[in-house]
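In: Mind looking at a prediction? Sequence and model below.
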Amino acid sequence: MGAIQEVFFRRILDSRGNATVEVDVVAEDGFGRAAAPSGASTGAHEVAAWAPGGVEESVRVGREQVAQELVGVDVLLQREIDDLLADLDGTGNFAKIGGNLAVATSLAVARCAAHSLDLPLYAYLGGAFVSRLPRPFGNVLGGGAHAVGGTDIQEYMAVALGPTVEESVFANAFVHKEVKRLLKEKYPGQSLGKGDEGAWTAPIGNVDAAELVAHACGLAQDKFGFEVRLALDVAATELWDGKAYGYKDGKKTSADQVEFLADLAKRYHILSIEDGLAEDDWDGWVALTKRIGSSTLLVGDDLFTTSPERLQKGIGLGAANAILVKPNQIGTLSRTVETIQLAHDNGYKTVISHRSGETTDDAIAHIGAAFGCFGIKTGAVGGERIAKLNELIRIEEEL
Ligand code: 2PG
Ligand code: MG
């Protein structure tokens, strides 16, 4: 039932003004559309983003080669379709067709299947017993590869642990506003900027930034009456030169970095630290996990790149205790789900995530709900960020 009839590929804008791909899948009884995001602080172990010639070549390959392979296939055969995409590519890392083309196709197929069954995407993927929604992680202050002149640490996030997603989303947005107010007080008359994800950027030091955001989280906690915690994405791969982590005020060895983060985590009661160490600094990851893994979520992003194989290695070594899940790092929905299930089977928490370059596609809200992810990292404000947050509020209402 529900054979795919047509597949359309087009180049569209992302939130940074770069080109990305949108895919439409038309089947006998359904229609599905999805778009791919893109990263700035990408991990070396992610699948290739695009065909060698970039977005335009991926779109051409989609039109000339992918579409004809999908036409006639039952849209409900998600795993087979995802395998077909990998086989058609043939490189093992989507270097020929582009991981972003693959992921947009894979998600558009899932949307079309859900539509043909008259189900919302989360219900199609997760079934009748979906009940636990992910906690929103909202980026409120930062720098790194996402902003000019900000902190070395890429993201300072608010994580509201409210009784509902709706209340949590508003608490995170409140922290975003309070951070602006506190920055204006601290730097009177100076202009403030925003990074790619809508987080504030200011000429503030890494520790002062933690202090300021932790304070803003405390104000939110007082106002809303539930816990609001600080979370970091250090994006340490961007700081690592092969020997040391380079900060504006000096270098840190891997051991120094572990001490620095352990101290910050304790001082500011930090809920989670993502990419506290570089993508191949496995020893550092194991050391940090031994040191604070029992009290702090240590989330591997560039470390795992949503790959079941890299996650398996981390589980074996005792590196990290949580994983960031970005479907376009691995290229298909099936592989994304494989990673989420492997994580949950081994006691690793999952945080489904946007990329710094985004569209208004809200698939990650549905995936996070369907598979019971612990968290969803998708910004605090901004059109392409609230697309996901508001969709989660709708899902919550439906449940
Ligand atoms: C990250 C992401 C999203 P990018 O590092 O976690 O915040 O950034 O998409 O640039 O990799
Ligand atoms: Mg990250």
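Out: Ah, there it is. Ligands and ions are numbered 1, 2, ... in the order given.
In: Give the next helix or strand downstream of the lengthiest helix in the chain.
Out: The helix that spans the most residues within the chain, counting by DSSP state H, is helix 165-186. For helix 165-186, the following helix or strand on the C-terminal side (DSSP states H and E) is strand 193-194.
In: is ligand 1 contacted by that next one?
Out: No. Using Cβ under 6 Å from any ligand atom, strand 193-194 stays clear of ligand 1, coming no nearer than 13.9 Å. For the C-beta atoms, the positions are set from N, CA and C on the backbone; glycine is no exception.
In: Quick check: neighbours of that strand in the sheet, parallel or antiparallel?
Out: Strand pairing for strand 193-194, using DSSP bridges, gives strand 200-201 (antiparallel).
In: Now F260: which helix or strand?
Out: Judged by DSSP H and E, F260 forms part of helix 254-267.
In: by contact count, what packs against the helix or strand following that helix?
Out: Using DSSP H and E, the helix or strand that follows helix 254-267 in sequence is strand 272-274. Using 3 or more Cβ pairs under 8 Å, 6 or more residues apart in numbering; DSSP states H and E as the contact test, the elements touching strand 272-274 are strand 228-233, helix 254-267, strand 297-300.
In: do that again at 6 Å, thanks
Out: In terms of contacts (3 or more Cβ pairs under 6 Å, 6 or more residues apart in numbering; DSSP states H and E), strand 272-274 is packed against strand 228-233, strand 297-300.
In: next helix or strand past it?
Out: Note on strand 272-274: by DSSP H and E, the next helix or strand toward the C-terminus is helix 282-292.
In: what is the orientation angle of the helix holding F260 with helix 282-292?
Out: 30 degrees (axes from the mean of the first three to the mean of the last three Cα atoms, to 10 degrees).
In: packing partners for helix 254-267?
Out: In terms of contacts (3+ Cβ pairs under 6 Å, 6+ apart), helix 254-267 is packed against helix 282-292.
In: Quick check: buried residues in the helix it packs on?
Out: 284-289, 291-292 (16 or more other Cβ atoms under 10 Å).
In: ok, of the residues you listed, which one's closest to ligand 2?
Out: Of all the buried residues of helix 282-292, ligand 2 sits closest to W285, with 14.0 Å by Cβ to the ion.
In: That closest one - nearest residue in space that isn't next to it in sequence?
Out: A319 (3.8 Å; Cβ to Cβ, 6 or more residues apart in numbering).
In: Isn't the one you found up against V286?
Out: Yes. The pair A319 / V286 is scored as a contact, 5.2 Å apart, by Cβ atoms under 6 Å.
In: how near is L76 to F224?
Out: Taking Cβ to Cβ, to the nearest Å as the measure, L76 falls 42 Å from F224.
In: circling back to that earlier point, now do the helix holding F260 against strand 228-233, angle only.
Out: With the same axes, to 10 degrees applied, the angle from helix 254-267 to strand 228-233 works out at 170 degrees.
In: average model confidence for helix 254-267?
Out: Averaged over helix 254-267, pLDDT sits at 98.
In: K388 falls within a helix, correct?
Out: Yes. Applying DSSP: H, G, I helix; E, B strand; the rest coil, one finds K388 inside a helix.
In: burial of it, as a residue count?
Out: When counting by other Cβ atoms under 10 Å, one arrives at 26 neighbours for K388.
In: Please apply the same query to the one 3 residues further on.
Out: Burial of E391, expressed as a neighbour count using other Cβ under 10 Å, amounts to 22.
In: now swap in T20 and tell me
Out: 29.
In: what's the closest non-adjacent residue to it?
Out: Nearest one to T20, counting by Cβ to Cβ, 6+ apart, is D14 at 4.5 Å.
In: residue nearest the centroid of the protein?
Out: The C-alpha lying nearest the average C-alpha coordinate of the chain belongs to S353 (Cα atoms, centre = their mean; 1.9 Å).
In: Would you confirm that I393 contacts T164?
Out: No. Between I393 and T164 there is no contact, the gap being 8.6 Å when judged by Cβ under 6 Å.
In: Between the two, which is the more surrounded one?
Out: Set I393 next to T164 and count neighbours by other Cβ under 10 Å: I393 wins out with 20 against 13.
In: isn't there a helix covering the more buried one?
Out: Yes. Judged by three-state DSSP, I393 forms part of a helix.
In: pLDDT score for it?
Out: pLDDT, read off for I393, is 98.
In: now swap in L271 and tell me
Out: pLDDT at L271 comes out at 98.
In: what does the stretch 251-399 of the chain put close to ligand 2?
Out: Within the stretch 251-399 of the chain, the residues that sit near ligand 2 (Cβ under 5 Å from the ion) are 275, 301.
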